[in-house]
Each structure stands twice: as structure tokens, then as C-alpha cells.
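dropping the sequence and predicted coords here.
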Amino acid sequence: MSYPFQIRSLDEYRSVYEQSIKEPKTFWASVAAHFLWRKKWDKVLEWNFKQPDIQWFVNGKLNITENCIDRHLKDKGDQPAIIWEPNNPDEEKRVLTYNDLYFHVNRFANVLRNNGVKKGDRVCIYMGMVPELAIAILACARIGAIHSVIFGGFSAHSITDRLQDAKVEFVITCDGAYRGNKDIPLKNIIDDSLELCPFVKRVIVLERTRTPVSMIKGRDVWWADEIEKAEQNGNPELPAEEMDAGDTLFILYTSGSTGKPKGVVHTCAGYMVYTTYSFVNVFQYQPGDVFFCTADIGWITGHSYIVYGPLCAGATSLMFEGIPTWPDAGRFWDIIDKHKVNVFYTAPTAIRSLMAQGLPPLAGKDLSSLKVLGTVGEPINEEAWHWYDEHIGKKKCPIVDTWWQTETGGIMISNLAGITPAKAGYATLPLPGIQAMLVDEKGNEIHGNDVSGNLCIRFPWPSIIRTTYGDHERCRINYFATYPDLYFTGDGCLRDADGNYRITGRVDDVLNVSGHRIGTAEVENAINMHTGVIESAVVGYPHDLKGQGIYAYVIFDNTLHNHDLTRKDIAATVSRIIGPIAKPDKIQFVNGLPKTRSGKIMRRILRKIAEGETNNLGDTTTLLDPAVVIEIKEGKIN
Ligand code: WT7
């Protein structure tokens, strides 16, 4: 089977793009026609960006798992759906065919039902990268429960926030997770988080690492025991729940410039159509190809391009439990060699850190199966792009630089592999249906080429964010209020003479550290929880490997004796409150912060100092106390 909506030439891209803009409803209806619906939609789209209220495929009925699994059984039942590569290369791989996946998802759906999970219930999934994670996600979708996957690197405190926000009653976790030479005690972390979440009724625990855990009577059950019970009941084959196109499929928390992370809500039909469409087109996936996305399923990339997009397309998706540098820095290359990977999709931060190891880890690795390479998550510097092109793709594999966001659900701006031209450092052109534009500070559109501005989208696409869970107003303010009638991405962007887009980075107070999104306000709140801290301000600065590093300016009380120890304590506090990924790289103790007369911290100045710029700080005359700037410059941490 090839894909009827796969674009195969540059001319075709141009004409499809034009049609998709002129007649978006006709265009998306023609794509959606290739999916399995219980009932067809009445209207393709109803929308306004004011509230916002966006409905795709109105009154359509479906279940996404019938598209991910059931409809492939006839022709590809024995084809691998998921190939799982363990953390430890000495352990056996696991292969789940579409038939296997059907069996496992049904059986675990039974387990969920037996444990009282119903349509619309929220289920938190906090697991390592094991096949059961994909099974748990799909089983939720099968019965219409809303999954909220939490990345295994988040702390108990972060989990509590998310459980409370979504009023979660069910949790699925593992005893522990292997990542390189570490064993992360997931169940213990969940137990800490649950002390403040008495509303959680059931915790299902998969054994993976045999880490000692405490199982609380009446609340905690073992995955394997529940499977056995389902088997004893005859493991009945239950029909998948019929879902409305607009029903919530999942919640995924992400950081913004203010406050706590918000729960981005994606819905069943639009998300399905767009992730599949973008998967097939951007990567030019061909039936039988092995697709390897290195992201963790705890992030949107894993949701869209390990699980839903590839499976809806009937692809073979490779899932890797471990990390790129263990047992050595050749781990990705070994996996590509071993499983004959055809499409490889990773993050610039991984490319940079592997590039730093030089060429020895590549010696003897056969990468000739590769056809397409991809990157995602942050701007890729030209040096890393060329290294990837030369040493991994051997100059024979197109590189797709895919720009998108948790809120967009799928890839928005990217070249199509081998079909539309690539340009190092550029995401290049919008996908069909994506009406990208640049605006100035006032929201006026910037026309023409060779210009830069803030990136907005003027028309809905099927996988656009629908709301932020439990707080629709927050969704409106964050994305739809900055510029009336536009979706604002938060990114700065330039458009070159040929109309190619290059994302230059966030223009709000959101950091991108190793491809992980972290709000400066969140880090500040965590730092401020340390008893001695009076006030803090956090900014990003360019970091060779991570893309951005975290620089914290901290006002400490006057009992500060040992700077180094206190720095470690503050880092430990952040790690406890958010997770190790948010630990500041540099902490500078200061006596004051540059503030305007109205008390607003002037981050622009702090950012410049952190970046190493000391002379050209711009206008500092509006500062309440310009002297603090001199002191901060002198104390800069290198
Ligand atoms: C932010 C979204 C979407 C998957 C992973 C991140 C930055 C993402 C690119 C790219 C330059 C990129 C943007 C965006 N970003 N892809 N190809 N080039 N920047 O998802 O955590 O929601 O972060 O990542 O700044 O706004 P996320």
C-alpha cells in the first residue's frame, strides 16, 4: 500500500499547497477520507480564534486505535508494528507485530476496565520506554480514557501538580526505568507524589527493574497479576469505544512563560489525521521502512511520531529504551546497523553531543540502510547539520528540519524528504494546510521575503491545540490573544529571499534546554523555595551542547557562607521541585536585580550579561538602581 496523500514531487507540493490554502475544507476532507470512521462527519470545520473554538470533522465518530491497529490486521497482521530495543544491548529485543499489538492492547483495555477506568477518565502514565508504555497509551485510547503521559525525568512535586490539575484517579507506572547505567525508581517517585493526591484510586505497576517497591493495599496492583485476572475472565474481545471527533484523546503538560505547566488538550480525529499526514509526507515513509524516532514518549514527539502517526500509517516504529551514550557513544549507530533503520529522527542536542565524541564511535557501523534523516526540538546549527549530513547520511540522505510544538500536535514547517529542497539551519516551507505568517510587535503582517518577525498561523489545522485542561481562558490568553485572530507560536523567525523559514528561538520567557521546554518562571519558583533565597531571576544563554543553558541570578540572605555548597543546595532544590532537567548551569549571587521603577525585572539586561555581552546593554536609564548592573557584570560566572 502506498499513501494516496503522499506528495511525490516539488510541483505536486506547490499545487497541493495552493489547493490546501484556497480550499482547506475540501483538502482536509480528502485526506480524512482515507481513515476508518464509524460515522462520517457532518461538517469539516467550524472555528473561531476569538474564544477559541475549533472543531474538525464535526460529529464524525471513530476510534483512533482502530486506525492504528485494526485496519492493518488484514494486510499486515504479521508485520512488525513496534520493534523494541532495550537499554542494555545484551538483553533481547522485542518485536510486536500488528497482530500482537491488537492482542496486547485489547487485553490491557480489559485490565483498565476491570479496574474501573471509564470513558473520559484521566489516566496518568509514568513509565520508562518499554513496549507496555505504548500498549497502555493505546489501551486508554481504545476505551476512551484520556491519557496524560508524564516524562520519567520529572520529580514527584511536578507529578503532583499534574495529577491535581487533571484530577487523575488512575496511574500506570513501573517499579523502575533503566536509562544508561541508572535505574530510576519510578514507583517510589510516584509514591511521594501521591501523598498529596488521595483522589488517586488505583496504581497499576509493571515490573521492569525489580527495584524494591512498597505496594499499598487497596490502591496498588501489579500489571502481571491484572493480566492474569483478565485471562481468567476469558479476556473477552470488547469493541473499541466509539468516540466523537472532538473528544479529548490526551493531555500533555508543557511549560509556558508564566506559572505552572499547562495541560495541552488534543482531540481524537484532527490529531489522527494530521499526525499521519505529516508523518507520511515529511519523512516520505515507504511501506516496510523501519522508522526510528529517538524521542521519549513523555514528550509530544514520541506521542506523534513513535506511537500515533507511524501506527496509523501502518509503519514499523522502533522504540529505544536507553540513551545515546551508553554503553558507549555508538549506541544509536549500533541500533541503526542492527535493525536496518531507514528513517532516523533525533534532536540537535543529541547530534551535537555525539559529534563531540568524534568519529571513533562510528567505526565499523553500517549505516547504509538510512534513507532519510530528521531533526526536531530546537534550531540546528550549521556545523551540526553538516556533520549529520556527512557522517551519518553520507551525503545521500535528505535531512528534514521539522519545526513544530506540543500545541501544534504535528510537524508544521519542514522540507519533505527528497521532495522539497533542504537548507541547513532552515525548517524551510510550511506543510500543506499550514498558513504561516510573520508579524511585527503590533501584529501587523510582514509581507515579502528577506524579513523577520514573530511566527503566527492564521488558519486552523486539524491537530491544533483545543484548550488547556480545566482553564480555557489560559489557552486563549497564551495563544490567541497576543495577536487578534492569529495563533501565536511564541517563536521568532526569519524568511529568506526564497520564502524559507528559519526559526530563531523563543521570544517569550521559555527556555529550550537540550530540546526540553522549561519556563523561566517555573525555575525561579523552584529556586525561591530554598530557605535562604530572597529573590531570583533566570535567563537562558547559548550552550554548546544543550542549545540553551540555564543562568540564575540569586539574591541570598546575608548568612551566605559557602558559595559552592549553597549553589549545590539550590540546584538540588530545583531538581527536587521540577526534575534534574531544570537544574541551573550557572548560579550567580547578586545583591540586587535590575528593575524598572515599577518593579519589573529587566531580563533583557540579564540575558545580555549571561550571553557574555557586557558593553552594549541598551538603555539602562529607566532602572531604579543602575549600579546593580555594574556589580552583576563584575560577578559574571564564566
Ligand atoms: C519549541 C516547541 C515539537 C517537538 C519538540 C519540541 C522549538 C521545535 C524546532 C526546529 C527550531 C524548534 C521552538 C518551539 N523548536 N522544533 N526544528 N527548529 N526550533 O516541542 O517542547 O513543545 O517545544 O521548540 O522554539 O516553539 P516543545
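Ah, there it is.

CA only for contacts and neighbour counts going forward, please
Fine.

neighbouring contacts of stretch 570-578?
With C-alpha atoms under 8 Å, 6 or more residues apart in numbering as the contact definition, stretch 570-578 has outside contacts at 154-158, 523, 526-527, 529-530, 580-584.

can you check stretch 313-322 too?
68-69, 72, 76, 79-88, 128-131, 178-180, 276, 279-280, 287-294, 306-307, 310-311.

from the residues you listed, list the buried ones, please.
68-69, 72, 76, 79-88, 128-131, 178-180, 276, 279-280, 289-294, 306-307, 310-311 (16 or more other C-alpha atoms under 10 Å).

from the residues you listed, which land in helices?
68, 76, 131, 276, 279-280, 310-311 (DSSP state H).

quick check, nearest of the residues you listed to the ligand?
residue 279 (13.1 Å; C-alpha to the nearest ligand atom).

now do the contacts for that closest one.
285, 305, 309-310, 313.

got a markdown table for the ones in helices among the buried ones among the contacts of stretch 313-322, with pLDDT too?
Formatted as a markdown table, those follow (pLDDT from 0 to 100):
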| residue | pLDDT |
| --- | --- |
| 68 | 98 |
| 76 | 97 |
| 131 | 98 |
| 276 | 98 |
| 279 | 98 |
| 280 | 98 |
| 310 | 98 |
| 311 | 98 |
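
export the residues you listed as a markdown table, with columns for distance to the ligand.
Below are these laid out as a markdown table (distance: C-alpha to the nearest ligand atom, whole Å):
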| residue | distance to the ligand |
| --- | --- |
| 68 | 21 |
| 76 | 29 |
| 131 | 21 |
| 276 | 15 |
| 279 | 13 |
| 280 | 17 |
| 310 | 16 |
| 311 | 18 |
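
those residues: which two are farthest apart?
By the measure C-alpha to C-alpha, 131 and 280 form the most distant pair in these, at 22.8 Å.

and residue 516, bridged to which residues?
residue 513 (DSSP bridges).

okay, now it: neighbour count?
Burial of residue 516 is recorded as 17 neighbouring residues (other C-alpha atoms under 10 Å).

against residue 322, how distant is it?
17 Å (C-alpha to C-alpha, to the nearest Å).

kindly report the same for residue 258.
Applying C-alpha to C-alpha to residue 258 and residue 322 gives a distance of 32 Å.

export stretch 351-361 as PDB, just CAs?
This file holds the C-alpha atoms of stretch 351-361, laid out as PDB (Å, rounded to 0.1, in the frame of the first residue of the first chain):
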ATOM      1  CA  ILE A 351      23.700  15.300  17.300                       C
ATOM      2  CA  ARG A 352      26.000  17.800  18.900                       C
ATOM      3  CA  SER A 353      26.900  15.600  21.800                       C
ATOM      4  CA  LEU A 354      27.600  12.700  19.500                       C
ATOM      5  CA  MET A 355      29.600  15.000  17.200                       C
ATOM      6  CA  ALA A 356      31.700  16.000  20.200                       C
ATOM      7  CA  GLN A 357      32.800  12.300  20.500                       C
ATOM      8  CA  GLY A 358      34.500  12.500  17.100                       C
ATOM      9  CA  LEU A 359      34.400   9.700  14.500                       C
ATOM     10  CA  PRO A 360      35.600   6.600  16.500                       C
ATOM     11  CA  PRO A 361      32.100   5.600  17.700                       C
END
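
filter the contacts of stretch 570-578 down to just the buried residues.
Judged by 16+ other C-alpha under 10 Å, buried ones among the contacts of stretch 570-578: 154-158, 523, 526-527, 530, 580-584.

could those residues be laid out in CSV, adding secondary structure and pLDDT?
Formatted as CSV, the buried ones among the contacts of stretch 570-578 follow (DSSP: H, G, I helix; E, B strand; the rest coil; pLDDT from 0 to 100):
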residue, secondary structure, pLDDT
154, coil, 95
155, coil, 96
156, helix, 97
157, helix, 96
158, helix, 96
523, helix, 97
526, helix, 97
527, helix, 97
530, coil, 95
580, helix, 94
581, helix, 94
582, helix, 96
583, coil, 97
584, coil, 98
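
and those, which is closest to residue 561?
residue 530 (15.2 Å).

quick one, strands of the stretch 51-200 of the chain?
53-58, 61-62, 80-85, 94-97, 122-126, 146-149, 170-174, 177-179, 182-184 (DSSP state E, counting those that start in this stretch).

next, format these as TSV and append mean pLDDT and distance to residue 318.
What follows is these, written out as TSV (pLDDT from 0 to 100; distance: least, C-alpha to C-alpha, whole Å):
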stretch	mean pLDDT	distance to residue 318
strand 53-58	98	30
strand 61-62	98	26
strand 80-85	98	5
strand 94-97	98	9
strand 122-126	98	20
strand 146-149	98	19
strand 170-174	98	21
strand 177-179	97	17
strand 182-184	96	22
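
could you dump those into TSV with distance to the ligand added?
As requested, the strands of the stretch 51-200 of the chain are exported to TSV (distance: least, C-alpha to the nearest ligand atom, whole Å):
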stretch	distance to the ligand
strand 53-58	20
strand 61-62	26
strand 80-85	21
strand 94-97	26
strand 122-126	18
strand 146-149	14
strand 170-174	23
strand 177-179	20
strand 182-184	22
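
in JSON lines: those strands, plus distance to residue 113.
Below are these laid out as JSON lines (distance: least, C-alpha to C-alpha, whole Å):
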{"stretch": "strand 53-58", "distance to residue 113": "28"}
{"stretch": "strand 61-62", "distance to residue 113": "19"}
{"stretch": "strand 80-85", "distance to residue 113": "24"}
{"stretch": "strand 94-97", "distance to residue 113": "23"}
{"stretch": "strand 122-126", "distance to residue 113": "12"}
{"stretch": "strand 146-149", "distance to residue 113": "13"}
{"stretch": "strand 170-174", "distance to residue 113": "11"}
{"stretch": "strand 177-179", "distance to residue 113": "26"}
{"stretch": "strand 182-184", "distance to residue 113": "29"}
